[in-house]
Structures are given as structure tokens and as C-alpha cells.
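**Student:** Below are the sequence and a predicted model; questions follow.
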Amino acid sequence: MSLNHGLPRNIILIGFMGCGKSTIGRSLQGKLGYPWIDTDEHIEQCVGMSVKEIFAKRGEQAFRELESNILLDMTERRIQHHIISTGGGIIGRQENRKMLGKLGFVVWLVASTQVIMERTARNRDRPLLQTDDPKTRIEALLQERRPLYEETAHISIETHGLDSNEVASGIIESARYFFNQADATQVLDRDESVS
Ligand code: S3P
């Protein structure tokens, strides 16, 4: 196994809206010097519309299709040494969960309903939270998604109260350990179908 700075593949951040994927992604990028891909931003650049506009004009399923396409593209190109942060609903499709696992070390950033409410309250760019009762929506989505984040992630981290630098350092240490495990190598090299 060839190691580039100790990390042979990618670090992928998953988790609910407002859990800190962008902040931690940026911090990881600063520490490792790897390119950072945010799937939402990538989709916006490709389509020339914001996520909000895509939901409004083409519907959620079209957006989910775009998410799957990005993951398929990154998986087929076997990209390495990237930080990848993802939209909160990317784990909804089984094919996506498989591809995330193939791409590298998957980290679930965990946040409570309260923290999510505080972090997303003033932002109008998340179509799924534009409701009169965001708390109920967040709780329902969390209940649905928790098992999927759990199934997809190699580790989970509760970020509340922690400095993003500390979280990023912890993730890098865990990733080094993960990639150095023989078992992990078998998992990563498994050439399974992603469809
Ligand atoms: C979504 C999360 C958003 C974005 C879209 C849908 C979701 O990304 O992909 O609004 O289904 O949870 P963030 O998690 O980066 O906010």
C-alpha cells in the first residue's frame, strides 16, 4: 500500500445539515493540503444553479440524481488524497452509501437537534428546512437518517464544544490508523459493484 502523507485514499465527511462538514473540511484541507470537494458546491457549479434553485425548478429527485452522479464519477476515476464533504441527504441511496465506503475513510459528524436548529436557523438556502416547524422536520429526518449515517461511517464524532482544529487532528489520526489496518485495506480494495 503506497502512502501519500499516510493517507492512501480520501477522507469523506457525512452528517446532517449544520453539523460542521464545511468547517471541518476546510480545517482538514489546511492541515493536509489536499484538494477539498464539497458535493453541493460541485453540483451548483456543474448545473449553474444553486441547490435551492435545483430543488425548486427540478425537484429533490433530480438533485439526488446529481449527487449519485458525482459519487459515481469520483469512484470511477478512483480519486485519491481529497477531502470530500457531502450534502446531509447523500446517504439516502444505498448505491451512494456503497460508493462513499469505497472512496475512503468516512467520518460522521454528529450534532444534536438543538445544535442543528441553532446553526441552520438563519440560513434560507436549505429547502428541506423551509417549513413552519423546522424542529419537527429535523427530528423526523434525523430519525430516518441516523441508521444510514451509522451504517456508512467508519467513525462518528460529536463536534459540539470542540475546536475545529482539534476535530480535524483527531480525524487525521483516526484515518492514519484506519488505512494502516490490514482489514481496512481489504475493505477498501474490495471490487464490488456499486450499482
Ligand atoms: C440536504 C442537505 C444540504 C443540501 C440539500 C439537501 C439534505 O447540504 O445537500 O439542501 O437533504 O440534508 P448540507 O448538509 O451541506 O446543508
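**Tutor:** The structure has been received and is ready for your questions.

**Student:** and for the longest strand seen in the chain, what are the contacting residues?
**Tutor:** When the chain is parsed with DSSP state E, its longest strand is strand 104-110. When contacts are taken as CB atoms under 8 Å, 6 or more residues apart in numbering, the neighbours of strand 104-110 outside the stretch itself are 7, 9-15, 19-21, 24, 84, 100, 149-150, 152-159, 167, 171, 174-175, 178-179, 188. (Glycine included, C-beta is placed from N, CA and C.)

**Student:** From those residues, list the ones also adjacent to the ligand.
**Tutor:** Applying CB under 6 Å from any ligand atom to the contacts of strand 104-110, one finds that residue 21 fall near the ligand.

**Student:** Show me which of the contacts of strand 104-110 are buried.
**Tutor:** The neighbour count (16 or more other CB atoms under 10 Å) marks 7, 9-15, 19-21, 24, 84, 100, 149, 152-154, 157, 159, 167, 171, 174-175, 178-179, 188 as buried among the contacts of strand 104-110.

**Student:** just checking, which of those residues belong to strands?
**Tutor:** Counting by DSSP E, these contribute 10-14, 84, 157 to strands.

**Student:** in the chain, which ranges drop under the pLDDT threshold?
**Tutor:** 1-6, 182-195 (pLDDT under 70).

**Student:** Kindly report the residues of it close to the ligand.
**Tutor:** Counting by CB under 6 Å from any ligand atom, the residues of the chain close to the ligand are 17, 21, 40, 51, 87-89, 126-128.

**Student:** Please list only the buried members of the residues you listed.
**Tutor:** For those, burial is judged from neighbour counts taken by 16+ other CB under 10 Å, and it is met by 17, 21, 40, 51, 87-89, 126-127.

**Student:** Switch those over to a markdown table; also include secondary structure.
**Tutor:** As requested, those are exported to a markdown table (DSSP: H, G, I helix; E, B strand; the rest coil):
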| residue | secondary structure |
| --- | --- |
| 17 | coil |
| 21 | helix |
| 40 | helix |
| 51 | helix |
| 87 | coil |
| 88 | coil |
| 89 | coil |
| 126 | coil |
| 127 | helix |
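
**Student:** Give me the distance from the longest strand of the chain to the chain's centre.
**Tutor:** 7 Å (CA atoms, centre = their mean, to the nearest Å).

**Student:** Okay, now the sheet partners of that strand, with direction.
**Tutor:** Using DSSP bridges, the strands paired with strand 104-110 are strand 10-14 (parallel), strand 155-158 (parallel).

**Student:** Need the contact partners of the longest one.
**Tutor:** Residues from elsewhere that reach strand 10-14, judged by CB under 8 Å, 6+ apart: 21, 24-25, 28, 32, 34, 79-86, 88, 90-91, 100, 103-109, 149, 152-153, 171-172, 175.

**Student:** This completes my enquiry, with thanks.
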